[in-house]
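Novice: sequence and computational prediction follow.
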Amino acid sequence: MGRLTFASIRATGTRTLVALACAVAATGSHAAPGWCGAGKTVKFAQITWESGALMTEMVRTVLEKGYGCKTELVTGATAATETALARGDLQIWAEHWTGRSPIVARALQQGSVKLVGELIPGGDREGWYVPDYVINGDPKRGIKPLAPQLRSITQLAQYKSLFTDDEEPDRGRFYNCPSGWDCERFNTRLFDAYKLGDAYTNFHPGTGAGLDAAIASAYERGKPILFYYWQPAGLMAKYRFIRLDGAPYSDACWKTIADANGGTPCASAFKVSHLMVAVSTPFFDAEPDAVAFFGKVSIPLALDEQLVAQMHERKLDASTVAKTFFEQHPEIWKQWVDPAVAARVQAALRT
């Protein structure tokens with residue numbers, strides 16, 4: 001047996017300590033798997049509007065089939081699910097419209113939520129609309145222009161009899177969003193800013209489907225209707241509408257619109273929202289690969305509206321249309337993930 005010197009003992013001990021340190025580091029990395037690797041369920045807000053429901057199913061599909069995550073939809077009003085996201089009780093709001101929610105704004109400031117990606121290049125489009133035939137007529141349907149001079153929201157008071165509210169015939173009716181939606185709050189503030197309360201009722205349909213039904217029914221019958229809507233949306237792809245002009249965009253005025261307690265509101269065009277994935281910070285930190293995927297999700301507006309139009313016209317659910325998207329547009333979604341993840345998604349969709 002060779003002679004054991006102090007130097008050799010020290011060298012041996014140093015090598016042993018290095019090996020132990022490496023082993024501990026390796027063990028530690030395996031002892032702290034990501035969210036999905038640990039078997040935790042990824043909870044999504046169940047978004048009620050069509051484009052949001054579709055985006056949710058697209059993101060869920062990739063997380064489940066490509067990354068092996070367990071997922072679940074959490075129902076609730078917008079404010080409730082946004083609060084749950086801020087508290088970490090759910091992990092993903094798959095189509096968050098920036099600048100709309102004070103709940104998410106606070107969560108971003110506090111660091112409990114992160115925003116990732118750009119789902120629709122250039123952001124959203126929204127405003128107050130009337131059917132095209134109200135202004136231009138529709139010779140094919142024998143509809144003459146009903147208000148050929150109408151261009152602006154500021155003119156609406158003089159057209160209240162055109163958009164008559166059946167329940168209050170001395171007023172017109174403006175179709176707002178359902179109560180509890182962020183857009184309902186903004187539109188109510190704009191309604192007040194344009195001083196329309198004496199001329200119009202600020203009408204709130206019970207559901208998004210109710211709003212869609214009212215618009216579609218009026219359009220099919222060639223009747224005038226005044227309403228708020230947004231893009232991407234299947235309804236906007238199906239019919240022809242004209243967005244009314246209004247006040248130009250102003251940061252200062254938009255703050256009075258966005259803040260329900262901001263004093264007397266002043267009129268402003270809508271601030272452009274960017275559609276992003278809102279992620280709870282614990283999930284963001286635990287799943288960097290999934291977050292990288294969120295950052296690459298992007299769909300052209302025209303295609304998104306084509307897909308949600310299928311949902312609207314054929315009464316298809318979001319998961320069915322999402323599957324159709326994955327089957328027909330691999331040139332788009334395969335750019336979101338690496339080849340191994342794409343292969344797993346594609347194989348799962350074939351089964």
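Specialist: Received, thanks.
Novice: so where do the strands sit in this structure?
Specialist: Here the chain has its strands, by DSSP state E, at 41-45, 70-74, 92-97, 113-116, 125-131, 164-165, 168-175, 200-203, 226-231, 241-243, 275-280.
Novice: what is the fourth one packed up against?
Specialist: The contact analysis (3 or more C-beta pairs under 8 Å, 6 or more residues apart in numbering; DSSP states H and E) places strand 113-116 against helix 102-110, strand 275-280, helix 281-286, helix 288-296. (Glycine included, C-beta is placed from N, CA and C.)
Novice: and that strand, how far out from the chain's middle?
Specialist: 13 Å (C-alpha atoms, centre = their mean, to the nearest Å).
Novice: for burial, what's the neighbour tally of the nearest residue in space to Asp192 that is not next to it in sequence?
Specialist: The shortest distance from Asp192 to any non-neighbouring residue, by C-beta to C-beta, 6 or more residues apart in numbering, is to Pro265 (5.6 Å). By other C-beta atoms under 10 Å, the residues close to Pro265 number 22.
Novice: residues in contact with Pro265?
Specialist: Arg189, Leu190, Asp192, Ala193, Cys253, Thr256, Ile257 (C-beta atoms under 8 Å, 6 or more residues apart in numbering).
Novice: let's see that with 10 Å instead.
Specialist: 186, 188-194, 253-259 (C-beta atoms under 10 Å, 6 or more residues apart in numbering).
Novice: buried subset of those?
Specialist: 186, 188-194, 253-254, 256-258 (16 or more other C-beta atoms under 10 Å).
Novice: so which of those residues sit within helices?
Specialist: Phe186, Thr188, Arg189, Leu190, Phe191, Asp192, Ala193, Cys253, Trp254, Thr256, Ile257, Ala258 (DSSP state H).
Novice: these two touch, right, Ser250 and Ile257?
Specialist: Yes - using C-beta atoms under 10 Å, Ser250 is in contact with Ile257, at 9.5 Å.
Novice: between those two, which contacts overlap?
Specialist: Common neighbours of Ser250 and Ile257 (C-beta under 10 Å, 6+ apart) are Cys266, Ala267, Ser268, Ala269, Lys271.
Novice: poorly predicted segments of this structure, please.
Specialist: Applying pLDDT under 70 to the chain picks out residues 1-33.
Novice: ok, the ones in helices among the buried ones among the contacts of Pro265 vs Trp97, which is closest?
Specialist: The closest of these to Trp97 turns out to be Phe186 (C-beta to C-beta; 10.6 Å).
Novice: quick one, what contacts that closest one?
Specialist: Per C-beta under 10 Å, 6+ apart, neighbours of Phe186: 99-100, 126, 176-177, 228, 254, 257-258, 260, 265, 268, 270-271.
Novice: contacting residues around Ala237?
Specialist: Counted by C-beta under 10 Å, 6+ apart, Ala237 has contacts Gln231, Leu301, Ala302, Asp304, Glu305, Gln306, Leu307, Val308, Ala309, Gln310, His312, Glu313.
Novice: drop anything exposed from the residues you listed.
Specialist: Using 16+ other C-beta under 10 Å as the threshold, Gln231, Leu301, Asp304, Glu305, Gln306, Leu307, Val308, Ala309, Gln310, His312 are the buried ones among the contacts of Ala237.
Novice: so for this protein, the centremost residue is which one?
Specialist: Glu95 (2.5 Å; C-alpha atoms, centre = their mean).
Novice: not counting sequence-adjacent ones, nearest residue to that residue?
Specialist: Closest to Glu95 by C-beta to C-beta, 6+ apart is Gly52, at 3.9 Å.
Novice: quick one: contacts for that neighbour?
Specialist: 45-46, 78, 93-97, 119, 208, 232, 275, 308, 318.
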